[in-house]
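J.: Sequence and predicted structure, then a few things I'm wondering about:
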Amino acid sequence: MTATIQILLLFLTVLVAAALIARRLNTAPSIVLVIAGVLLALTPGLPGIELAPEFVLLVILPPLIYSAGVSMSWREFRFNLRPIILLAFGSVVFTTCAVAAAGHFVLGLPWAVGFLLGAIVAPPDVVAPLAIARRLGIPRRLLLILEGEGLANDATALILYRFAVVAISTGMFSPMQAAGTFAAMVVGEIVWGIGVGWLSLHLRRLAGEPRVEIVLSLMTPYLAYWVPDHLGGSGVLATVATGLYVSWNGPLLIPSATRLQGIFFWDLIIYVIEGFVFLLTGLQARTLIDKAQTFSLRDLVVAIAVTTAIVIAARFIWVFPATYLPRWLWPALRQRDPSPPWQYPFVLAFTGVRGVVSLAAALAIPLTLANGAPFPNRDLVLFITFGVIILTLVGLGLTLPALIRWLGVTRYRHTEHRQERDAELAARRAAMDAGLRRLEELARERNLPDEVAALMRARDDARRQQFPRSVADGSEQVALGAKLRLELIAVEREYLYDLLRDGQITDESRRRIERELDLEEASIACKEGTQPPL
C-alpha cells in the first residue's frame with residue numbers, strides 16, 4: 001500500500017514537472033510525459049508497471065470520450081459530419097487495409113494478423129496535436145474536424161479489431177455478416193447513447209443538488225460505454241452520442257451552480273487522466289523490451305519503420321482526395337462549402353499521431369487461440385504498436401509547430417477569430433436588447449416601482465459599457481476598463497483580508513464575498529479571451 005502511494009505521488013510530481021518543461025519548450029505536455037515515462041521505465045531500481053488494457057478501455061476511455069463529446073458543438077459536428085465520417089471511418093478502414101497489405105507482403109505476416117495490426121494502429125490520437133494546434137491558433141474548422149475524428153475513429157478501429165481477433169481465434173470470417181453486425185452496432189450504440197443522455201439530464205434535474213449532479217455526470221459515460229461493450233460492441237459511439245446529446249440539450253436543463261462547479265471538476269479530472277495515460281504509455285517500454293528479446297533488432301526496426309511509414313503515407317493518400325473529390329463530383333457541395341486551401345488537408349494529414357487506445361488494444365490481444373495454441377505474432381504486434389506510437393507522437397508532434405508556422409495557416413485563424421468575436425459581440429447586445437424589452441413589458445404588466453426598474457436599467461447600461469460594438473470599435477477602452485476592474489477587485493480582496501484579520505467579519509462572510517469577486521474576475525478573463533469558456 002505504501003509503495004502504491006509513493007508511485008502515485010511520483011506520477012503526480014512527474015506530471016507537474018512535465019507541464020513546466022513543456023511550457024518552457026513550447027510543446028505539448030503529452031510528448032514530454034511519454035519521454036519521461038520511457039526514461040523512468042529504463043531507470044534501474046524502479047518497479048515495472050504494466051498497463052492493464054481493461055483499465056484503459058473500461059475506466060480511462062469513457063470519461064475522455066464523454067468530455068470531448070460534451071465540449072463539441074452538435075451544430076458544428078453536424079455541419080462537419082462529412083469530413084469527420086471520411087476520416088473516422090474511411091481513413092481508418094483504408095489505413096487498416098494498407099497496413100495489412102504491407103504486413104503481409106513486406107513483413108511476411110498472415111493476412112488476418114496484418115488486419116489486426118492495421119486495426120490497432122489505424123486510429124490517430126488527437127490529444128497531443130490538438131494541444132499544439134490550439135496554442136498555435138490554427139483555423140477553428142480544422143480543430144472541429146480533428147475533435148470530431150477523435151470522437152469516432154476509436155469506435156471504427158475497435159470494431160475492426162474485434163472482428164480480426166475473432167477471425168484469428170476461430171479461423172472463420174464472413175464479410176457480409178461482419179458488415180451487418182457493424183451496421184447494427186452503429187445504430188444500436190447511437191440509440192443507446194441518446195437514451196443515456198436523456199436519462200442523465202432528467203435525473204440530474206430531479207436531483208437539484210450540484211454535488212449529486214456532478215456525481216451523476218461522472219457515472220454517465222460509464223453507463224453509456226459499459227453496456228454496449230458488454231454486449232460485444234465498442235461503447236465508443238454510444239458515449240459520443242451521449243456527450244453530444246448532453247451538449248445540445250444541457251444548457252437549458254443544467255443549473256448554473258452545477259455548471260460552474262462541473263467545469264472545474266471535469267477540467268481537473270481530464271487533465272490528470274490524460275497526463276497519467278501518456279506517462280503510463282512510456283512506462284511500458286521496460287515490459288516491451290523484455291518481450292522483444294526473442295526478436296532480432298533488425299527485424300524489429302524494419303517492422304516498426306515500415307508500419308510507421310505506411311500509417312503516415314496512408315493518411316496523406318486518403319485526406320487529399322477525401323477533401324477535394326466530393327466537391328469535384330457534386331457542384332452543389334462545392335458551392336455550399338468551397339474547397340479549402342491545400343494547407344488545410346496537409347495539416348489534417350500530418351496529425352496522424354497514435355496513442356494509448358492503440359497500445360491498450362495491442363495489450364488486450366488474447367494469449368491463446370480458441371484451440372489453446374499461442375496467439376500468432378502477439379508480441380511482435382505489441383512491439384510494433386509501441387514503436388509506431390513513439391515515432392508518431394515524438395516525430396510528428398515535435399515537428400507539427402514548425403510545420404504550422406511554415407504553412408502559414410494561422411493567418412486564416414486571425415481573420416476567423418475577428419469574425420467570431422464580432423458575431424459574439426452582436427449576439428451579446430441582441431440578448432441584452434431582448435432582456436431590456438422584457439423589462440419594459442414587466443414594468444407595465446406588474447407596475448414595478450420606478451426604483452426597481454431604474455436599478456435593472458442601470459445594470460443593463462453597466463453591462464453594455466463592458467463590450468464594444470465590434471472588435472475594432474473601442475477595444476482599447478474596454479481593455480483599459482477590464483484592467484481597472486481587476487485592480488479594484490485586488491484592492492477589495494486586500495481590504496476583506498484586513499477585516500477578517502481584525503475580526504470584523506467571519507470566514508463564512510469572507511468566502512461569500514470572495515466568491516462574487518472570483519466570478520467577476522473569471523468573467524473578465526473570459527471576455528478578454530484569456531480563459532476559453534468550457
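T.: Done, it's in. Since this is a predicted model, take the numbers as computed values, not measurements.
J.: Low-confidence bits of the protein, can you list those?
T.: 1, 173, 292, 468-479, 525-534 (pLDDT under 70).
J.: for it, what's the longest helix?
T.: Criterion DSSP state H: the longest helix present in the chain is helix 410-445.
J.: and whatever helix or strand comes next after it, which residues are buried?
T.: Heading C-terminal from helix 410-445, the first helix or strand you meet, by DSSP states H and E, is helix 450-465. For helix 450-465, burial by neighbour count (16 or more other C-beta atoms under 10 Å) applies to 453, 456. In short, each C-beta sits where N, CA and C put it, glycine included.
J.: And stretch 20-38, by the same measure?
T.: Of all the residues in stretch 20-38, those buried under the rule 16+ other C-beta under 10 Å are 22, 27-38.
J.: Report the separation between the two terminal residues of it.
T.: Distance between the two ends of stretch 20-38: 18 Å, counting by C-alpha to C-alpha, to the nearest Å.
J.: what about it, distance to the chain center?
T.: Put simply, stretch 20-38 sits 18 Å off its chain's centre (C-alpha atoms, centre = their mean, to the nearest Å).
J.: Give me the contacts around that stretch.
T.: 14-15, 17-19, 127-129, 131-132, 135, 274-275, 278-285, 389-390, 393-394, 397-398, 401 (C-beta atoms under 8 Å, 6 or more residues apart in numbering).
J.: quick one on the thing from earlier: any idea of the angle the longest helix of the chain forms with helix 450-465?
T.: Between helix 410-445 and helix 450-465, the angle comes out at 170 degrees (axes from the mean of the first three to the mean of the last three C-alpha atoms, to 10 degrees).
J.: And helix 410-445, what's buried?
T.: 412-413, 421-422, 425, 432, 439, 443.
J.: from these, which single one is nearest residue 520?
T.: Nearest to residue 520 among the buried residues of helix 410-445: residue 432, at 17.5 Å, using C-beta to C-beta.
J.: shouldn't the closest one be in contact with residue 459?
T.: No - here residue 432 does not reach residue 459: they are 9.9 Å apart, not a contact under C-beta atoms under 8 Å.
J.: Next up, the contacts around residue 506.
T.: residue 500.
J.: Helices of the stretch 51-200 of the chain, start to end?
T.: Along the stretch 51-200 of the chain, the segments classed as helices by DSSP state H, counting those that start in this stretch run 53-54, 61-71, 74-79, 81-85, 92-105, 111-121, 127-136, 140-170, 175-207.
J.: Compare the ones you listed and report which one is nearest to residue 375.
T.: Using C-beta to C-beta, the helices of the stretch 51-200 of the chain put helix 140-170 closest to residue 375, at 7.1 Å.
J.: relative orientation of that closest one and helix 127-136 in degrees?
T.: Using the same axes, to 10 degrees, helix 140-170 lies at 180 degrees relative to helix 127-136.
J.: any idea how far the residue most central in space within the chain is from residue 273?
T.: Nearest to the geometric centre of the chain sits residue 68, at 4.5 Å (C-alpha atoms, centre = their mean). Noted for residue 68: a distance of 12 Å to residue 273, by C-beta to C-beta, to the nearest Å.
J.: How about residue 193?
T.: Residue 193 sits at a distance of 20 Å from residue 273 (criterion: C-beta to C-beta).
J.: burial measure for residue 95, as a count.
T.: 27 (other C-beta atoms under 10 Å).
J.: Please verify my assumption that it contacts residue 119.
T.: No - in this structure residue 95 lies outside contact range of residue 119 using C-beta under 8 Å: 9.1 Å.
J.: name the helices or strands packed onto whichever strand or helix holds residue 269?
T.: Element membership for residue 269 (DSSP H and E) is helix 256-283. Under the contact criterion of 3 or more C-beta pairs under 8 Å, 6 or more residues apart in numbering; DSSP states H and E, helix 256-283 touches helix 2-25, helix 29-41, helix 61-71, helix 127-136, helix 210-230, helix 356-363.
J.: Distance to residue 166 for those - can I get that in a markdown table?
T.: Below are the helices and strands packed on helix 256-283 laid out as a markdown table (distance: least, C-beta to C-beta, whole Å):
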| stretch | distance to residue 166 |
| --- | --- |
| helix 2-25 | 36 |
| helix 29-41 | 31 |
| helix 61-71 | 21 |
| helix 127-136 | 29 |
| helix 210-230 | 15 |
| helix 356-363 | 14 |
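J.: just the ones you listed: most buried one?
T.: Highest mean neighbour count among the helices and strands packed on helix 256-283 (mean count of other C-beta atoms under 10 Å): helix 356-363, with a mean of 26.
J.: How about residues contacting it?
T.: Counting by C-beta under 8 Å, 6+ apart, 51-53, 56-57, 60-61, 119-121, 123, 125, 154, 157-158, 161, 277-278, 280-281, 284, 381-382, 385-386, 388-389 sit against helix 356-363.
J.: So what's the gap between the very next helix or strand once past that helix and the chain middle?
T.: Next helix or strand after helix 356-363 toward the C-terminus (DSSP H and E): helix 378-390. Put simply, helix 378-390 sits 24 Å off its chain's centre (C-alpha atoms, centre = their mean).
J.: Next secondary structure after helix 378-390?
T.: Helix 378-390 is succeeded, C-terminally, by helix 397-407 (DSSP H and E).
J.: What helices and strands are in contact with that following helix?
T.: Applying 3+ C-beta pairs under 8 Å, 6+ apart, one finds that helix 397-407 contacts helix 29-41, helix 127-136, helix 343-350.
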